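Novice: could you look at this predicted model? Sequence included:
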Amino acid sequence: MSLPTRKLGRGSQSQNMPMTGERSSQPVDPAAKVCKEIVRCVNFAAIKHKDQRRKDEAQSPYVNHVIGVAYILTSEAGVSDVSVIQAALLHDTVEDTNTSFYELQAEFGEDIANLVKELTDDKSLPAEERKKLQVIHAPKSSYRAKLVKLADKLYNLRDLRRSPPVGWSKERIQEYFQWAAQVVSGLRGTNKQMEESLCDLFSERGITL
Ligand SMILES: Nc1nc2c(ncn2[C@@H]2O[C@H](COP(=O)(O)OP(=O)(O)O)[C@@H](OP(=O)(O)OP(=O)(O)O)[C@H]2O)c(=O)[nH]1
């Protein structure tokens, strides 16, 4: 579903912090333009997630997760579609911070806002319902959203193995792996490298896709 157009203009600010730099000098070099867009997303995500921590014992900065998801896509999965990397960096801003889709649309355009929308759970729903919906929505997602979802699950499962959230029992971790396998089943045929890495993680736990 497309977002309705709203006149906010790119670079509109929702906090008293600089989100974007000067706009007067437009780079001509396409590579410079790509770099600028990626850094703008990293900057936006860092500001939005600045007070959030992961659930691990070290209370890692939350932004490490979204940067890590983008890193998996570029370094392991061979993804070079800039919009996918942008969506990875922004994928939790609406779900987990005060960011609105309109703000994303104004800052990064309608395409990126719609992609993030595909990756956003409705936090007003009970956790169990949200988890069921992730399984249902996975196979219906766009190719680009599937790439981000695969990287997101890969990051979270590796994190679970490396340093699980405080208070999670072995059973809860296993249940998370089983649920994640259901989601990943609906994402198959999207990216060989990430799917192989995920299969290895699942098979360690006795789970086959
Ligand atoms: N493994 C791990 N996860 C953490 C950590 N800190 C925060 N999370 C987030 O917690 C979620 C899993 O916790 P749950 O209790 O199952 O889910 P909930 O917070 O959404 O209710 C994951 O989101 P998700 O719903 O599974 O996926 P998504 O929203 O990222 O798609 C993950 O992004 C951490 O230190 N380790």
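Specialist: Received it, and whenever you're ready, just let me know what you need.
Novice: what does this structure put close to the ligand?
Specialist: 54-56, 121, 127, 152, 156, 159-160, 165, 176 (Cβ under 6 Å from any ligand atom). From N, CA and C alone the C-beta is placed, and that goes for glycine too.
Novice: at 8 Å what do you get?
Specialist: 53-56, 60, 62, 65, 91-92, 95, 119, 121, 123, 127, 130-131, 134, 149, 152-153, 156-157, 159-160, 163-165, 176, 179-180 (Cβ under 8 Å from any ligand atom).
Novice: can you flag the buried ones in these?
Specialist: Among these, those classed as buried by 16 or more other Cβ atoms under 10 Å are 54, 56, 62, 65, 91-92, 119, 121, 131, 134, 149, 152-153, 156-157, 159-160, 164, 176, 180.
Novice: residue 111 in helix, strand or coil?
Specialist: helix (DSSP: H, G, I helix; E, B strand; the rest coil).
Novice: now it: closest residue in space, sequence neighbours ignored.
Specialist: Excluding the flanking residues, the one nearest residue 111 by Cβ to Cβ, 6 or more residues apart in numbering is residue 83, at 6.2 Å.
Novice: ok, that neighbour - contacts?
Specialist: Each residue near residue 83 by Cβ atoms under 8 Å, 6 or more residues apart in numbering is listed here: 111-112, 115, 144.
Novice: now the one helix or strand it maps to: buried residues?
Specialist: According to DSSP states H and E, residue 83 maps onto helix 82-90. Applying a neighbour-count criterion of 16+ other Cβ under 10 Å, one finds 84-90 buried in helix 82-90.
Novice: and these as a markdown table, adding pLDDT?
Specialist: Shown next, in a markdown table, are the buried residues of helix 82-90 (pLDDT from 0 to 100):
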| residue | pLDDT |
| --- | --- |
| 84 | 99 |
| 85 | 98 |
| 86 | 98 |
| 87 | 99 |
| 88 | 99 |
| 89 | 99 |
| 90 | 99 |
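Novice: ok, those residues vs the ligand, which is closest?
Specialist: Distance to the ligand, by Cβ to the nearest ligand atom, is smallest for residue 88 among these, at 11.1 Å.
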